[in-house]
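Enquirer: predicted model follows, preceded by the sequence.
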Amino acid sequence: MTVVGKTKKKQALFLFPTDIMGGAENVLRLAAKAALDSGDFYQVDCFVLCKQPTGSLDGLAADPRVELTYSGAKSEKGGLVSLARVLAAKQYDLVFSSHTHLNAAASLFRKLNLLKTHRLVARESTMIFERDMGWRGMLARRLYTFYGAQDLIICQTARMAESLNLHTKNRLAPLLAHIPNPIDIATLSRAMNCKTKDLPSLADDAQMIAWCGRLAPVKSPLRAIDALDELVNSGNNRPHLVMIGDGPMREEILSYADAKGLSHHLTLTGRVAQPVAIMRHCQAGLMTSDVEGFPNVILEMLAAGIRRVVTTDCAGGLDRIPGVTVAGQKTAHSLAGCLSFALQRAEPDGQVSTFLEERSPGKFFHQVLTG
């Protein structure tokens, strides 16, 4: 390894399932960038388990200190063989993963001495024991039997740590740490100025409500349509729901809204590279999931300038975020009531900016190294 003065430079490895940027993948990307920015690492390797490149990691790979490797496998299972070869070929100072199957694989490989690292960190990406995932959920929960070789297991919230401890009978308790998710304010601020798909022409007094995520059952998007219906039927014709994202429920959502006579109150943008560029035009935000590890999209809404976000109680600690209202029940009626109240009240003061600044990628990565 390279030595500069008396400081030994380090080598890190970040494990991605794919380079499609979901919340967990974005945290990995931010952590890898923070490792480079820290100046402590002379090389940062990023290994992508499967699927074809999308270009989302090209900016990171432009740094000469970054080595980006794709397994070329069609499935995540197929990529594990390539991962084992990569791990056996080098010794790392830090290995960081953020998905249950990769967390389990890294821990198992370390137990088998295939992975050599001074520090192995796993980040839990969701409250997997709280989600109904059918047979896939049963399989994922069994993967926790391979956990235990980590030096640190990051839980996004205290609620997540409590759930993990409960379902693993406290076996992993000494390894757990609560480290809140990071958010890159500087990058999001630049992204807000990016060109976006045209939004519909609305009345000057329209109340645009942002919903952002995959159009899939796990995000409960029909609950957002029902909340919109409640608002409109209460006599308020100004709400306009902007659903940012794409997924298998797109046509179902359109048909459902049309049947309720809400087509003129709804825009589906499809997949957008920079959702904050649309969020910045909205007066409120809405989150409808039953269970999340921690919905980073709420932080993105706040960063985009939205100061009225209404959410289900889908993760721990949401009630302590300035500008966020947690609905008392996971129902459209409860969400609509909170939205109606939020749209009528004044925006909160500068507490939001202070809150977001405390979640910088640099501070997050420091806790990864020291937590």
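Expert: Done, it's in. Residues are numbered from 1 along each chain as shown.
Enquirer: residue 207 - how many residues pack around it?
Expert: Number of residues near residue 207 (other Cβ atoms under 10 Å) recorded here: 20. Just so you know, the C-beta spots here come from the backbone N, C-alpha and C atoms, and that holds for glycine as well.
Enquirer: same thing with residue 79?
Expert: 24.
Enquirer: just residue 52 next, same as before
Expert: Residue 52 has 10 nearby residues by other Cβ under 10 Å.
Enquirer: contacting residues for the closest residue to it other than its chain neighbours?
Expert: Excluding the flanking residues, the one nearest residue 52 by Cβ to Cβ, 6 or more residues apart in numbering is residue 70, at 7.7 Å. Counting by Cβ atoms under 8 Å, 6 or more residues apart in numbering, residue 70 makes contact with 19, 48, 52-53.
Enquirer: of those residues, which is the most crowded?
Expert: Going by other Cβ under 10 Å, residue 48 tops these with 27 neighbours.
Enquirer: roughly how far does it sit from residue 126?
Expert: Residue 48 is 20 Å from residue 126, where distance means Cβ to Cβ, to the nearest Å.
Enquirer: same question for residue 168.
Expert: 15 Å.
Enquirer: neighbour count for these two, which is higher?
Expert: Taking other Cβ under 10 Å, residue 168 and residue 126 do not tie; residue 126 has more neighbours (21 against 17).
Enquirer: does that one touch residue 290 like I think?
Expert: No. Using Cβ atoms under 8 Å, residue 126 makes no contact with residue 290, being 11.5 Å away.
Enquirer: and the helices in the stretch 251-371 of the chain?
Expert: Counting by DSSP state H, counting those that start in this stretch, the stretch 251-371 of the chain has helices at residues 276-279, 296-303, 332-344, 351-357, 361-370.
Enquirer: so can I have JSON lines of those showing mean pLDDT?
Expert: What follows is those, written out as JSON lines (pLDDT from 0 to 100):
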{"stretch": "helix 276-279", "mean pLDDT": "95"}
{"stretch": "helix 296-303", "mean pLDDT": "96"}
{"stretch": "helix 332-344", "mean pLDDT": "94"}
{"stretch": "helix 351-357", "mean pLDDT": "91"}
{"stretch": "helix 361-370", "mean pLDDT": "96"}
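Enquirer: nearest spatial neighbour of residue 20, skipping sequence neighbours?
Expert: residue 54 (5.9 Å).
Enquirer: and for the one you found, the neighbour number?
Expert: 12.
Enquirer: where along the stretch 1-150 of the chain do the strands fall?
Expert: 3-4, 7-8, 10-16, 41-48, 66-70, 94-97, 120-123 (DSSP state E, counting those that start in this stretch).
Enquirer: TSV for those, including mean pLDDT and distance to residue 346?
Expert: Compiled in TSV, those are given as follows (pLDDT from 0 to 100; distance: least, Cβ to Cβ, whole Å):
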stretch	mean pLDDT	distance to residue 346
strand 3-4	38	52
strand 7-8	62	50
strand 10-16	97	42
strand 41-48	96	44
strand 66-70	96	45
strand 94-97	98	41
strand 120-123	98	36
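Enquirer: need those strands in CSV (columns: distance to residue 181).
Expert: Listed next are these as CSV, based on distance: least, Cβ to Cβ, whole Å:
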stretch, distance to residue 181
strand 3-4, 32
strand 7-8, 29
strand 10-16, 16
strand 41-48, 19
strand 66-70, 22
strand 94-97, 14
strand 120-123, 9
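Enquirer: can you tell me which of those comes nearest to residue 190?
Expert: strand 66-70 (20.4 Å; Cβ to Cβ).
Enquirer: list the buried residues for that closest one?
Expert: 66, 68, 70 (16 or more other Cβ atoms under 10 Å).
Enquirer: export these to CSV and tack on distance to residue 212?
Expert: Below are the buried residues of strand 66-70 laid out as CSV (distance: Cβ to Cβ, whole Å):
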residue, distance to residue 212
66, 28
68, 27
70, 27
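Enquirer: closest to residue 118 out of those residues?
Expert: residue 66 (20.0 Å).
Enquirer: tell me the contacts of the closest one?
Expert: Counting by Cβ under 8 Å, 6+ apart, residue 66 has contacts 32, 36, 43-46, 60.
Enquirer: next: residue 144.
Expert: Going by Cβ under 8 Å, 6+ apart, the list of residues near residue 144 reads 100, 104, 167-168, 172.
Enquirer: roughly how far does it sit from residue 169?
Expert: 10 Å.
Enquirer: likewise residue 263?
Expert: 51 Å.
Enquirer: pick out whichever of the two has more residues nearby.
Expert: Taking neighbours as other Cβ under 10 Å, residue 263 and residue 169 compare with residue 263 leading, 12 against 8.
Enquirer: residue contacts, that one?
Expert: Residue 263 touches 254, 257, counting by Cβ under 8 Å, 6+ apart.
Enquirer: ok, residue 53 touching residue 19?
Expert: Yes. Between residue 53 and residue 19 there is a contact under Cβ under 8 Å: 6.1 Å.
Enquirer: in this protein, which segments are predicted with low confidence?
Expert: Within the chain, the ranges that satisfy pLDDT under 70 run 1-7, 348-349.
Enquirer: following the record's annotation, map out the domains of it.
Expert: 3-179, 187-355 (automatic domain parsing).
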